[in-house]
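Participant: Dropping a prediction and its sequence here:
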Amino acid sequence: MHEPEFLPTPNVDRLEARGHLGIKKGLDNIRTLLGALGNPQSNFPVLLIGGTNGKGSTGAFLAHMLRASGLVVGWTTSPHFLHPKERIWVDGGPIGVGALDLLLGEAFDAEARTGLEATYFELMITAALSAFRMTGVEIAVLEVGLGGRWDATNATEPMLSVITNVGMDHQQHLGWTRESIGREKLCIARDGHSLVLGPSIDPLWAQPLLEKHPRICPAPRLRAERVAFDHSLVQGHPVPLAGLHQVENLAIAFEAARQLSAFGFPIREDRLWEGVAATRWPGRLWKVPGLENVWMDGAHNVDGARVLADHAVACGWRPHLMFGAMEDKDLASVARELMRLRPLSLTYLRGDAPRYARFDDLFEAFGQDAPGITLQEAAHHLRAPSDQPRLISGSLYLIGDLLRELGIDPWDPA
């Protein structure tokens, strides 16, 4: 396995110069861009997935299930590991580098004509929706980037919305309570359309929350369906993504598929499990191919860390833990959860980007005297054989940077 060498692409380079993390509240930009391109999002039905954790896994299951059922599926996700083309999936795999460059060129042209300055995410969502129109997808599965109300994906009109869960993350943008974060996420619901809620969300909580704050977003009468979660769902069926929490994400995906079937989509129940079996989703409790006893999980908030720790404790799994994260995370709370792993050793990681937490910050969060190393040094250690499990966690950006150092393409089928 090796990291692919991508040909120079000027519009992708222009995109990367915008930075991945710029956030602009409001949907005017994305609506104007889409309007300048003829509103590509009006050419296919949209399913929109929000939530604090599990959005990507649920989307991965659902995209593969719908494709196995015979539909041409578009799917967006974020972040990427090695190249932004990973964020746009059409009928079985990421779009080509050349196609992405062409679509971004159209988005940049629309930006120039309208006098806007769009964010990285707005440009990528514009390119994705244009890609789905160009390729004739029969349904688009869109993953919310952050929150819901102001997210660029919310400029579409979803026929079905999904919220996996509501936890504490991105509080500086979404508010400091679960109630405020929940309000932001519920804004992806549409009046008269179904809303699938993960098993931890009570529909009786959701509707009053919107009605209590009508100025946040229009208060639709929710046609909310709470997922009934039962581990017997997977009896006799292998689930390719590790962790009990993935069974919950799978249950959400099945409920979304059932809703689509009720809307008249030609869902083939006998093929859904084929799609599940084909699902790949690197970086989430993922055993890295080509390395011995190396696992990666992008748990970057307290709920993600709790799920990871619960799984490890239930399995009696004690890895060597290597941790690095962005400085804006609740590092102390994440550290408390991860220390329930009772790791055999602890190592702090820091990438080159300025947003990575410093070693002093990690030491303060964990309260553990442990070595701090660069990603280059970590890659050297991980290439060495080991009879003990090694777990890298804390951020999907960290995992992407480390995979680049290792020269591993996570989407390589080899």
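Facilitator: In hand now; what should we look at?
Participant: so where is the stretch 201-350 of the chain shaky, pLDDT-wise?
Facilitator: Across the stretch 201-350 of the chain, residues meeting the criterion (pLDDT under 70) sit at 210-222.
Participant: now swap in the stretch 51-200 of the chain and tell me
Facilitator: Of all residues in the stretch 51-200 of the chain, those with pLDDT under 70 make up the ranges 167-176.
Participant: Helices of that one, start to end?
Facilitator: Secondary structure of the stretch 51-200 of the chain by DSSP state H, counting those that start in this stretch: the helices cover 55-68, 97-114, 120-135, 171-174, 178-186.
Participant: Now render those helices as CSV, adding mean neighbour count.
Facilitator: Quick note: C-beta positions are derived from backbone N, CA and C, even for glycine. CSV is the format used below for the helices of the stretch 51-200 of the chain (neighbours: other CB atoms under 10 Å):
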stretch, mean neighbour count
helix 55-68, 26
helix 97-114, 18
helix 120-135, 25
helix 171-174, 14
helix 178-186, 21
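Participant: between those, which gets nearest to Asn29?
Facilitator: In terms of CB to CB, the element of those nearest to Asn29 is helix 120-135, at 5.4 Å.
Participant: Which one, of the helices of the stretch 51-200 of the chain, ends up nearest to Pro8?
Facilitator: Short answer: helix 97-114, nearest of the helices of the stretch 51-200 of the chain by CB to CB, at 9.4 Å.
Participant: what packs against that closest one?
Facilitator: Contacts of helix 97-114 with other secondary structure elements, assessed using 3 or more CB pairs under 8 Å, 6 or more residues apart in numbering; DSSP states H and E, are made with helix 10-16, helix 28-36, helix 120-135.
Participant: Send me stretch 376-393 as PDB with only the CA atoms.
Facilitator: What follows is stretch 376-393, C-alpha atoms only, in PDB (Å, rounded to 0.1, in the frame of the first residue of the first chain):
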ATOM      1  CA  GLN A 376       7.100  11.400  11.600                       C
ATOM      2  CA  GLU A 377       8.400   9.700  14.700                       C
ATOM      3  CA  ALA A 378       5.100   8.000  15.300                       C
ATOM      4  CA  ALA A 379       5.100   6.600  11.700                       C
ATOM      5  CA  HIS A 380       8.600   5.100  12.400                       C
ATOM      6  CA  HIS A 381       7.300   3.400  15.500                       C
ATOM      7  CA  LEU A 382       4.200   2.100  13.900                       C
ATOM      8  CA  ARG A 383       6.100   0.400  11.100                       C
ATOM      9  CA  ALA A 384       7.900  -1.700  13.600                       C
ATOM     10  CA  PRO A 385       6.200  -5.100  14.400                       C
ATOM     11  CA  SER A 386       4.500  -5.500  17.800                       C
ATOM     12  CA  ASP A 387       2.600  -8.200  19.500                       C
ATOM     13  CA  GLN A 388       0.600  -5.600  21.500                       C
ATOM     14  CA  PRO A 389      -2.200  -3.500  20.000                       C
ATOM     15  CA  ARG A 390      -1.500   0.200  19.300                       C
ATOM     16  CA  LEU A 391      -4.300   2.700  19.100                       C
ATOM     17  CA  ILE A 392      -4.100   6.200  17.600                       C
ATOM     18  CA  SER A 393      -7.000   8.500  18.500                       C
END
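Participant: List the contacts of it.
Facilitator: In this structure, residues lying in contact with stretch 376-393 by CB atoms under 8 Å, 6 or more residues apart in numbering are 291-299, 305, 308, 317-324, 338, 341, 343-344, 347, 349, 373, 398-399, 402, 405-406.
Participant: What of stretch 90-110?
Facilitator: With CB under 8 Å, 6+ apart as the contact definition, stretch 90-110 has outside contacts at 6-7, 9-12, 14-15, 33, 36-37, 67, 72-75, 83-89, 118, 123, 126-127, 130-132, 134-135, 137, 411.
Participant: filter the residues you listed to the buried ones?
Facilitator: When burial is judged by neighbour count using 16 or more other CB atoms under 10 Å, the buried members of those are 9, 11-12, 15, 33, 36-37, 67, 72-75, 83-89, 118, 123, 126-127, 130-132, 134, 137, 411.
Participant: In contact with the spatially most central residue of the chain: list those residues for me.
Facilitator: The centre of the chain sits closest to Gly56, judged by CA atoms, centre = their mean, with a distance of 3.6 Å. Applying CB under 8 Å, 6+ apart, we find Gly56 in contact with Thr77, Glu143, Trp281, Arg284.
Participant: With Arg340 instead?
Facilitator: Contacts of Arg340 (CB under 8 Å, 6+ apart): Ala309, Ala312, Val313.
Participant: Give the closest residue to the second one in space, chain neighbours not counted.
Facilitator: Translated: Ala312. Spatial nearest neighbour of Ala312, excluding adjacent residues (CB to CB, 6 or more residues apart in numbering): Leu341 at 4.9 Å.
Participant: didn't the one you found look like it was pressed against His311?
Facilitator: No: counting by CB atoms under 8 Å, Leu341 sits too far from His311 to count as a contact (9.7 Å).
Participant: and for those two, which residues touch both?
Facilitator: Overlap of the contact sets of Leu341 and His311 (by CB under 8 Å, 6+ apart) consists of Trp317.
Participant: which one of the two has more residues nearby?
Facilitator: In terms of neighbours (other CB atoms under 10 Å), Leu341 is the more surrounded of Leu341 and His311; the figures are 21 against 18.
Participant: Next one: the more buried one from Gly92, what distance?
Facilitator: Using CB to CB, to the nearest Å, one gets 35 Å for the distance from Leu341 to Gly92.
Participant: How about Leu195?
Facilitator: Spatial separation of Leu195 from Gly92 under the definition CB to CB is 28 Å.
Participant: Check Thr9 too.
Facilitator: Thr9 sits 22 Å away from Gly92 when distances are taken as CB to CB.
Participant: Run a quick neighbour tally on Phe229.
Facilitator: Once other CB under 10 Å is used to define contacts, Phe229 is seen to have 15 neighbours.
Participant: quick one, phi psi at it?
Facilitator: Its backbone dihedrals place Phe229 at phi -100, psi 120, with angles given as degrees, to the nearest 10.
Participant: just checking, it touches Asn165?
Facilitator: No: when contacts are counted by CB under 8 Å, Phe229 is not listed as touching Asn165 (11.4 Å).
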